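Visitor: quick one: sequence plus predicted model below, questions after.
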2 protein chains.
Amino acid sequence: MKAVLLAIGDELLDGRTTDSNSVWIAGELLRLGIPVARKIICSDEIADLKAALGEACSYGQIVVSTGGLGPTEDDRTREVLAGFAGVELVHDEEAWSEIAAFYRGRSRQVPEANRRQALMPVGAERLSNPLGTAPGIALQLESGHRLFAIPGVPSEAKRMFTDQVAPRIRDLGTAMVQRTLAFAGVSESELGGRIAEFAMDGQDVRVGITANWGLIRVTARASGEGCEARMAPVLEEIRQRCAEWYLGEGRGELADFLVERLLARGEHIAFAESCTAGLACATLAQVPGVSAILESSFVTYADAAKQELLAVPQELLESEGAVSEACVRAMCEGLAARSGAELCLAISGIAGPGGGSEEKPVGLVYIGALYRGEFRCLKRRHGAIPRQQIRRRAVADSFVLGLQLSAS
Amino acid sequence: MKAVLLAIGDELLDGRTTDSNSVWIAGELLRLGIPVARKIICSDEIADLKAALGEACSYGQIVVSTGGLGPTEDDRTREVLAGFAGVELVHDEEAWSEIAAFYRGRSRQVPEANRRQALMPVGAERLSNPLGTAPGIALQLESGHRLFAIPGVPSEAKRMFTDQVAPRIRDLGTAMVQRTLAFAGVSESELGGRIAEFAMDGQDVRVGITANWGLIRVTARASGEGCEARMAPVLEEIRQRCAEWYLGEGRGELADFLVERLLARGEHIAFAESCTAGLACATLAQVPGVSAILESSFVTYADAAKQELLAVPQELLESEGAVSEACVRAMCEGLAARSGAELCLAISGIAGPGGGSEEKPVGLVYIGALYRGEFRCLKRRHGAIPRQQIRRRAVADSFVLGLQLSAS
């Protein structure tokens, strides 16, 4: 049993709107044991919508569409759905009562335009919408296909899927398990090389590798009877082959793994940031509960700030420059003295696009980590890639270095 | 001439990853006068990818795919593309040199696994990838279809599209002009009310209003002969009607407008951040050239840090609490004394999910701005929305407040 997701609307095709509904719905479907075979995003035009619906049915037995249920002329999902099923579209008095009640509850007149929303294909089930005026539609075709049309507004879509679509398809899924292992300090290709045979096409346990800002994730999926038991040895083998880079299981980010470790040890972290200007600290602070490990941090963008706030010696800045191993070491040491944190991370680099020289080009970044007296430095040459990338990579590198240094 | 976007990858179908590439690419294509007819998201499986490619060609003459060009076994776009075009996949020595150079530039060994990335369909053009190891592929079919396969990593996709795909299809679109005006310190609906008649359906110059983290953008689009001359008076009228909120023209963010103003005046900015933990400073520092206006900033997450680093009086923290107008005022004053910056911004709030109380619930945020002796405070009650949203709104609010206070 597979599903296809159909997102409907011109705004999804012209750069205005990101289709976030389908990401959430896909995750929910997978949890029900129903993988998504395909996603299709089409315009509001009738011919296009019809064709998309046909394609969707060719790839899955369950089709969930979002959007095109509004009260305006350009919302045409209802009529296309009826046409596709070969039935009439008729006024549904109960749907109309619910729409009227929605407006009355907000002390507003019901606009006549909303009458369109009370039209339902003959034989369809109405899906009530407690958060808006557009009722959803559930329709079973003679071919056995199950079609669900729900609104495009994300809050309405989620609520309707959870309360009304999921219960109707809960029994159709097959047992399925998906698990993710996280690694860092290695490239995607190097890790991939060690576990190549697991990632080949057509395996019973399907293994995929993705890299995202220094975090390598290996995600395995299996379905059918005994899927958990079949997956376990594969994951264990992968974990063992790549043990030196292993961070843990789950969908966490680098920041999550780092916070988790420091929380478990009752240790603190502090940052001294130059080119990243607070991005590393802010990224770590995305993790709830970070207040137990983070007290203060410093953005020292200018040389003067490095001297004043972190006691980096002026001679060092003059002889070695701010973008140097000596400087990030001094930043870490100043930071440790100032903050008392067990793990101190310092970043100094040239994010560009200006400010580079032959000796110190754009993209050159030094990351320093000081953990309980032990210092380690990472030197990166990214080249003249975009400023934001240099900065985000520096943040990821600082987390990886912190995780490596504090591993022992 | 229409385009179809094809996003490839299991992670796009199981709830892991949002396809943001296609949103950006669709906007760029529209700017070239090439509308997107359809988006298709398919898995890494060979059969599926092949079918999706076929569908894509049935809806558009230009097909841009993202993803599936990595070095691991589960990346199969290259071979499917070759199969679809009916040609062999061969080792491309120049591609291999570029990949090797990429690793050498980073003082690293080239993994053998990356050899896969040097495979190109016979007759295809290689699209160089200055930001990563996956070269892109440009292929013209006998049917006249133009296929472009670019990497899924967003930064690589953007760069390759801009530098190598756009120039190859620039002549295929129709004349079109799009311009954007930026406003802040007003709600989308209030601004929309002032210019309602321009935003109605069916206008010659199509005007849209979007709100994004405190920045309101009015985007106008026109196409066909004389489109620039037809657009100019419309934009001028909109600018005049909303003059008190006007920031400038262009697609810049709040940070860009703030940096531009301070640079023009030769002034400096400094931040004291609690719940945002460096995010405001880091966001400002996305703008190149910020070193002329930013010397240092402080993350004072703990009360002790606010006392030590910014001289916020202990009595004040005890009587008013860290999340209060008095505290952000003291943070601004301490920051001004410490940094000498003309514009000082302070943020203190409860980002949650824990840490709230009845009196000071999750979502309560105070923003303080001190500009040349004048202080202004903004109090926000966001409610228990997600942590990251509260933090990002606080950053946007601090920029808007800084822009407003320094406007005169």
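Guide: Happy to help now that I have it.
Visitor: how about A:Tyr51: what's its closest non-neighbour residue?
Guide: Actually, residue A:51 is Ala. It isn't Tyr. In this structure, A:Ala51 finds its nearest non-sequential neighbour in A:Cys42, 7.6 Å apart by CB to CB, 6 or more residues apart in numbering or on different chains. Any C-beta I mention is one placed from the backbone N, CA and C, and that applies to glycine too.
Visitor: count of neighbours near the one you found?
Guide: 29 (other CB atoms under 10 Å in any protein chain shown).
Visitor: list the contacts for the closest residue to chain B within the stretch 201-350 of chain A?
Guide: Using CB to the nearest CB, the point where the stretch 201-350 of chain A gets nearest to chain B is A:Gly278, with a distance of 2.6 Å. Contacts here follow CB atoms under 8 Å, 6 or more residues apart in numbering or on different chains; on that basis A:Gly278 touches A:271, A:297, A:299, B:271, B:273, B:277-282, B:285, B:297, B:299.
Visitor: centroid-wise, who is the farthest residue in chain A?
Guide: For chain A, the largest distance from the centre (CA atoms, centre = their mean) belongs to A:Glu315, which lies 45.0 Å off.
Visitor: A:Phe84 contacts A:Ala52, correct?
Guide: No - using CB atoms under 8 Å, A:Phe84 and A:Ala52 do not qualify as a contacting pair, with a distance of 10.2 Å.
Visitor: neighbour count: these two, which is higher?
Guide: Using other CB under 10 Å as the criterion, A:Phe84 and A:Ala52 rank with A:Ala52 on top: 26 against 19.
Visitor: for the more buried one, what is the enclosing helix or strand?
Guide: Per DSSP states H and E: A:Ala52 is located in helix A:46-59.
Visitor: extract the C-alpha set from that helix and format it as CSV.
Guide: Listed in CSV are the C-alpha atoms of helix A:46-59, where the atom choice follows Å, rounded to 0.1, in the frame of the first residue of the first chain:
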residue,chain,number,x,y,z
ILE,A,46,-8.4,22.3,-14.3
ALA,A,47,-6.7,20.3,-17.0
ASP,A,48,-3.5,20.2,-15.1
LEU,A,49,-5.2,19.1,-11.9
LYS,A,50,-7.0,16.3,-13.7
ALA,A,51,-3.8,15.0,-15.2
ALA,A,52,-2.0,15.1,-11.9
LEU,A,53,-4.8,13.2,-10.2
GLY,A,54,-4.5,10.5,-12.9
GLU,A,55,-0.8,10.2,-12.4
ALA,A,56,-1.2,10.1,-8.7
CYS,A,57,-3.5,7.1,-9.0
SER,A,58,-1.0,5.3,-11.1
TYR,A,59,1.6,5.5,-8.4
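Visitor: what comes up buried for that helix?
Guide: Residues of helix A:46-59 classed as buried: A:Asp48, A:Leu49, A:Lys50, A:Ala51, A:Ala52, A:Leu53, A:Glu55, A:Ala56, A:Cys57, A:Tyr59 (neighbour count, 16 or more other CB atoms under 10 Å in any protein chain shown).
Visitor: give the next helix or strand downstream of that helix.
Guide: Scanning forward in sequence from helix A:46-59, with DSSP H and E defining helices and strands, the next element found is strand A:62-66.
Visitor: okay, the angle between that next one and helix A:46-59?
Guide: Here strand A:62-66 runs at an angle of 150 degrees relative to helix A:46-59 (axes from the mean of the first three to the mean of the last three CA atoms, to 10 degrees).
Visitor: where exactly do the helices run in the stretch 1-150 of chain A?
Guide: In chain order, the stretch 1-150 of chain A shows helices spanning A:21-31, A:46-59, A:77-85, A:93-105, with DSSP state H, counting those that start in this stretch as the criterion.
Visitor: export the ones you listed to JSON lines and tack on mean pLDDT?
Guide: Formatted as JSON lines, these follow (pLDDT from 0 to 100):
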{"stretch": "helix A:21-31", "mean pLDDT": "93"}
{"stretch": "helix A:46-59", "mean pLDDT": "95"}
{"stretch": "helix A:77-85", "mean pLDDT": "95"}
{"stretch": "helix A:93-105", "mean pLDDT": "90"}
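Visitor: out of the ones you listed, which gets nearest to B:Met120?
Guide: For those, proximity to B:Met120 was assessed by CB to CB; helix A:46-59 is nearest, at 29.8 Å.
Visitor: so where's chain A uncertain?
Guide: In the predicted model of chain A, residues A:408 satisfy pLDDT under 70.
Visitor: any chance you could give me the longest helix seen in it in CSV, C-alpha atoms only?
Guide: With residue count as the measure and DSSP state H as the assignment, chain A has helix A:387-405 as its longest helix. Extracted C-alpha coordinates of helix A:387-405, given in CSV (Å, rounded to 0.1, in the frame of the first residue of the first chain):
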residue,chain,number,x,y,z
ARG,A,387,30.0,34.1,3.1
GLN,A,388,27.1,32.3,4.8
GLN,A,389,28.4,28.9,3.9
ILE,A,390,31.9,29.7,5.3
ARG,A,391,30.2,30.8,8.5
ARG,A,392,27.8,27.8,8.8
ARG,A,393,30.6,25.4,8.0
ALA,A,394,32.7,27.0,10.7
VAL,A,395,29.9,26.5,13.2
ALA,A,396,29.5,22.9,12.2
ASP,A,397,33.3,22.3,12.4
SER,A,398,33.5,23.9,15.9
PHE,A,399,30.8,21.5,17.1
VAL,A,400,32.5,18.5,15.5
LEU,A,401,35.9,19.5,17.0
GLY,A,402,34.2,20.0,20.4
LEU,A,403,32.6,16.6,20.2
GLN,A,404,35.9,14.9,19.1
LEU,A,405,38.0,16.6,21.8
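Visitor: right, I'll leave it there.
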